[in-house]
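> Give me a 3D structure for the following:
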Amino acid sequence: MKRVLAALMTAVLAAGCSFAPDYHRPEQPLPSSWGEEGTRPEPGELYREWWRRFNDDALNELVSLALLQNRNLEQSLARVDAARAALGMARADLFPQLSAQGSGERARASLDASATYGVMRELGALEESVDSLDGRGVRKVSAPSRVDSMWSGAVQAAWELDIWGRYRNATAAARENLLSAEDAAHAMELSLAGQVCSAYFDLLNYREQLDLTERTLKTRQASAALYERQYAAGAINELDILNVRTQVDALKDSLAQAKTRVEQAEGALMLLTGASPKAVFSGKAKQGKALASLPAAPQLPEGIPSELLTRRPDIRSAEASLRAAHFQVGEARAAFFPSISLTGSLGTSSTELDGLFSGAAGTWNFGGSVNLPILTFGRTISGVRQAEAAVRAAAAAYELSVQQAFSDIRSALAAQKGTADSVKSLADASSRMEKAAELARTRYEAGYSPYLDVLEAERTLYSSQMQLAASRAAQLSAVAQVCVALGGGW
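Predicted structure coming up:
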C-alpha cells in the first residue's frame, strides 16, 4: 500500500508536465501612425455604439433590431454556446468520473441443460437397496433449484491521471476556442452594424433620387404641356417638341428604375434586421433624416496603430485560435506516453432483495491500469503532424487578419477622403447648374438661345443632383467603414 501511495504521489507531482509549444505572437512590421499629416481625420473618442454618431433615430432603431434578430448573428452566438459547452466537457476530463449502478435479476434455468442434474439423474436411476424413504427401497435424488435471484448496487469511480498534460492542454485549447468564438461574434456584430449603416444610406440615396426624379418629371411634364400648345400653335419647331417628349420619356424610365432600387434596398435592409418573411417581402423602413443633414466627419482614435491588434475582434479571434492550436499540439504529443487510470467501486450484492443492505452483502474493489501505445502504424505521429500543420495554418490566418485590418483602414480612409472631395465638387457643380438652368430658361424665353440649351442645362442639373445624392451616401458609408475598420470604437 505504501508503494502504491508513493507511486500516486509521484504521478501527481509529475502532473505539471506539458508538451505544448511556447506561444509567441507572430512578428509583423506595423505602421507608426494612422497616415500622413493632412490626410487623416482628427483624433477623437470612438464609442462602442459608434453608429449613434450619425444622430439618426431611425438608423439607431434599425441597428438595434439587427443586433437582436439577425440570423447570421444568431448562428455566431450559437457557436459561442457550443464552444462554452465544449469547454465544460473538456474540463470534466480533469476530474474523477463517478457513477452509480444497480441491477436485479431473477431467472429460471433449464433442467435439461444442466450437466449436474444429468449426473444426479443417472445416479438416481440405480436401484440401491437402502432403508429408503420412498417405501420401495430406491434412493430418491432431489432436483436442483431452477429459479435463482441476484441483486446488486454499487458506486463506481474512474480517473485517468493527467500526467502528460493531455487533458489540461485540451481544456486550455477549448478555453481559447471559446474566446475565439466570442470575439468572432463581436466581429459579426461590428460587421452587421456596418452593413446596416451602408444599406440604410443606400436607401436614403435611392429615396432622395426617387423624390428628385418625381419632382423633375412633374416639372418637365408641366413644361411639356406648355410646349405642346406652342408646337400646335406653330411657335416652336418639331425638333424642339421631339426633344421635350424624349426627355419626359427618359425621366419616366429613370423613375421606374428609382422605384425598383428603393424596393430592393428596402428588402435588403429588412433582411439585415432579421425581419419576418412578410416584412422582408413588403416591409418599409422608418423614414430618417436627409442625407445632407447627417454628420460625415470621421474620427480616428488617439494612440498608435499597433493598439489595433487588441481592439479589432477579428484579430483577437484569430489569435485565440492560434493559441488553441498550440495547446492542441501538446494534446497530440501526449498520446506517445502511457495513460494511467485508477478505478474503484463500493457496493453490495445479495441473492435476496431484503438482504441487500446487510453487512455480509458488502463488496468493494480498487485497482489501476496502464495503457502504453506500442504500434499504432503512424496514427500518433500523424496526429502530431496534423496539429503542427494546424498551428502553421492558424498563424497564417492571424497574419492575414492583421494585414486585412490595415488594408481595410487604408481603403476606408482613402474612400472617406475621396468621397468628401467628390461631395464638395458635386455640390458646387449642382449649385452652378441650378443657376445655369435658370439662365438658360431666361435666355430662351427672351429669344436669345434655342430650347436645346434649356434641355441640356436641365439634363445636366438633374444628373449632377443624382450624382450628389449617391456621393453623399458613399461618403457616409465610408465613414461607417472607417469606424468598422477601427474595431467599432472602445
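> which intervals of the stretch 351-490 of the chain have sub-threshold pLDDT?
489-490 (pLDDT under 70).
> which stretches of it form strands?
Applying DSSP state E, counting those that start in this stretch to the stretch 351-490 of the chain gives strands spanning 362-371.
> Off-centre distance for the helix or strand in which Ala265 is found?
Assigned by DSSP states H and E, Ala265 falls within helix 238-272. Centre-to-centre, helix 238-272 and its host chain are 39 Å apart (CA atoms, centre = their mean, to the nearest Å).
> which outside residues touch the following helix or strand past it?
Toward the C-terminus, helix 238-272 is succeeded by helix 277-282 as the next helix or strand (DSSP H and E). Surrounding helix 277-282, the residues in contact under the criterion CB atoms under 8 Å, 6 or more residues apart in numbering are 267, 270-271. Glycine gets a C-beta too; all of them are placed from N, C-alpha and C.
> coming back round to it: and the helix holding Ala265, which residues are buried?
Neighbour counts over helix 238-272 (16 or more other CB atoms under 10 Å) mark 240-241, 243-244, 247, 251, 254-255, 258, 261-262, 265-272 as buried.
> what does stretch 339-346 give?
Residues 339-340, 342-345 are the ones in stretch 339-346 that count as buried (16+ other CB under 10 Å).
> Tell me the one of these nearest Leu413?
Minimum distance to Leu413 across the buried residues of stretch 339-346 is 55.3 Å, recorded for Ser339 (CB to CB).
> wait, isn't that closest one in contact with Asp162?
No. With contact defined as CB atoms under 8 Å, Ser339 does not reach Asp162; the gap is 9.2 Å.
> name the element Ala154 belongs to?
Ala154 is part of strand 147-161 when elements are defined by DSSP H and E.
> which helices and strands does that strand pack with?
The elements that strand 147-161 packs onto, with contact taken as 3 or more CB pairs under 8 Å, 6 or more residues apart in numbering; DSSP states H and E, are strand 97-108, strand 339-350.
> What segments of the protein are helices?
2-13, 57-69, 71-92, 115-124, 166-232, 238-272, 277-282, 313-333, 379-445, 451-485 (DSSP state H).
> Next, format those helices as a markdown table and append distance to Pro305.
Output for those, formatted as a markdown table (distance: least, CB to CB, whole Å):
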| stretch | distance to Pro305 |
| --- | --- |
| helix 2-13 | 47 |
| helix 57-69 | 27 |
| helix 71-92 | 27 |
| helix 115-124 | 88 |
| helix 166-232 | 18 |
| helix 238-272 | 30 |
| helix 277-282 | 40 |
| helix 313-333 | 12 |
| helix 379-445 | 7 |
| helix 451-485 | 11 |
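> most packed of these?
Comparing these by mean neighbour count (mean count of other CB atoms under 10 Å), helix 313-333 ranks first with a mean of 23.
> That one vs helix 379-445, what angle?
Orientation of helix 313-333 against helix 379-445 (axes from the mean of the first three to the mean of the last three CA atoms, to 10 degrees) gives an angle of 170 degrees.
> Tell me which other helices or strands helix 313-333 touches.
The contact analysis (3+ CB pairs under 8 Å, 6+ apart) places helix 313-333 against helix 166-232, helix 379-445.
> and Ala157, which of these is closest to it?
Nearest to Ala157 among the helices and strands packed on helix 313-333 is helix 166-232; the distance by CB to CB comes to 16.5 Å.
> Can you dump the C-alpha atoms of stretch 249-258 in PDB for me?
C-alpha atoms of stretch 249-258 as PDB (Å, rounded to 0.1, in the frame of the first residue of the first chain):
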ATOM      1  CA  ASP A 249     -39.800  59.600 -71.600                       C
ATOM      2  CA  ALA A 250     -36.200  59.300 -70.300                       C
ATOM      3  CA  LEU A 251     -37.400  60.600 -66.900                       C
ATOM      4  CA  LYS A 252     -40.200  58.100 -66.800                       C
ATOM      5  CA  ASP A 253     -37.600  55.400 -67.300                       C
ATOM      6  CA  SER A 254     -35.400  56.900 -64.600                       C
ATOM      7  CA  LEU A 255     -38.500  56.900 -62.300                       C
ATOM      8  CA  ALA A 256     -39.200  53.200 -62.900                       C
ATOM      9  CA  GLN A 257     -35.600  52.400 -62.100                       C
ATOM     10  CA  ALA A 258     -35.500  54.500 -59.000                       C
END
